[in-house]
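J.: Here you go, sequence then predicted model.
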Amino acid sequence: NAGVTQTPKFQVLKTGQSMTLQCAQDMNHEYMSWYRQDPGMGLRLIHYSVGAGITDQGEVPNGYNVSRSTTEDFPLRLLSAAPSQTSVYFCASTMAGGDTEAFFGQGTRLTVV
Amino acid sequence: AQSVSQHNHHVILSEAASLELGCNYSYGGTVNLFWYVQYPGQHLQLLLKYFSGDPLVKGIKGFEAEFIKSKFSFNLRKPSVQWSDTAEYFCAVKVYNQGGKLIFGQGTELSVKP
């Protein structure tokens, strides 16, 4: 039972570099999302997807891109990293209907220097 | 827009003290309610959830929460905390049948002194 798998766990980037955070789930969940966690601000929604081929912006989408080509995968791309993107990133998945809980990945701690 | 508010940002308790963490949300329709816990250096784990029925729900590790619809609240309680409860606690709301979007509170850091 893998659940939600995120890679990498840690990453250091230089300003201006690009990278992709990977997220995969094996529960056939329609809904997947990316959050960033910053001290005192809880988890803020970056982007989400309600199914393959469908994505939408969350609360803090600037500087991030996503795509959803399959049900299982939902990568998050940083095209040109900035120090303000230093954070801990969590991927989550859930069934889209009511009365369902979300499952979270282990998190990626990203530092942009 | 929907929002979730957690009243306490940092709570410090001694072992065996009772705990209550406040959570209020702003949405008038049907919601699913959750409390998640994050132990130091770890990912989020579900403590308990409310979907419908009995407004008093019990979760893991002796935690419980009460949903009071009239107050838009979902407070977390534990009668006697342990040092191992030191963690950050997040309240989250999902609007029923509007996809899987979770809205989180700011989090409450709980420190339990032995």
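T.: Ah, there it is.

J.: And the residue of chain A found nearest chain B, its phi and psi?
T.: Scanning chain A for the residue nearest chain B gives residue A:31, at 3.1 Å (criterion: CB to the nearest CB). For the C-beta atoms, the positions are set from N, CA and C on the backbone; glycine is no exception. Main-chain dihedrals, residue A:31, degrees, to the nearest 10: phi -100, psi 130.

J.: Just give me the neighbour total for it.
T.: Neighbour count of residue A:31, defined by other CB atoms under 10 Å in any protein chain shown: 24.

J.: With residue A:27 instead?
T.: Neighbour count of residue A:27, defined by other CB under 10 Å: 14.

J.: if I pick the spatially closest residue to it that is not a sequence neighbour, what's in contact with it?
T.: Leaving aside its chain neighbours, residue A:27 sits nearest to residue A:93 (6.4 Å; criterion: CB to CB, 6 or more residues apart in numbering or on different chains). Residues counted as contacts of residue A:93 (CB atoms under 8 Å, 6 or more residues apart in numbering or on different chains) are A:4, A:25, A:27, A:29, A:31-33, A:74, A:102-103, B:100.

J.: swap in residue B:90?
T.: Contacts for residue B:90 (CB under 8 Å, 6+ apart) come out as A:42-43, B:6, B:35-38, B:44, B:104-105, B:107-108.

J.: for it, which residues make a bridge with it?
T.: residue B:36 (DSSP bridges).

J.: which residues are there in chain A that come within reach of chain B?
T.: Chain A has residues A:29-31, A:33, A:35, A:40-45, A:48, A:50, A:58, A:90, A:92-102, A:104-107 near chain B, with proximity defined as CB under 8 Å from any CB of the partner chain.

J.: Quick check: PyMOL command selecting the buried ones in the residues you listed.
T.: Those of the residues of chain A next to chain B that count as buried under 16 or more other CB atoms under 10 Å in any protein chain shown are selected in PyMOL with:
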select buried, chain A and resi 29+30+31+33+35+42+43+44+45+48+50+58+90+92+93+94+95+96+98+100+101+102+104+105+107
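
J.: From the residues of chain A next to chain B, which land in strands?
T.: Judged by DSSP state E, those include A:31, A:33, A:35, A:43-45, A:48, A:50, A:90, A:92-94, A:104 as members of strands.

J.: And the residue nearest the centre of chain A?
T.: Most central in chain A under CA atoms, centre = their mean is residue A:34, positioned 2.9 Å from the mean C-alpha point.

J.: Can you read off the pLDDT for that residue?
T.: In this model, residue A:34 is scored at 97, pLDDT.

J.: For the residue lying farthest from the centre of chain A, which non-adjacent residue is closest in space?
T.: Taking CA atoms, centre = their mean, the residue of chain A most remote from its mean C-alpha position is residue A:99, at 22.3 Å. Using CB to CB, 6+ apart and skipping residues adjacent in sequence, the residue nearest residue A:99 is residue B:51, 4.2 Å away.

J.: who's in contact with that neighbour?
T.: Residues near residue B:51 by CB under 8 Å, 6+ apart: A:98-99, B:32.

J.: Kindly report the same for residue B:107.
T.: By CB under 8 Å, 6+ apart, the residues touching residue B:107 are A:40, A:42-43, B:6, B:9, B:38, B:88-90.

J.: beta partners for residue A:4?
T.: For residue A:4, the beta-bridge partners are residue A:25 (DSSP bridges).
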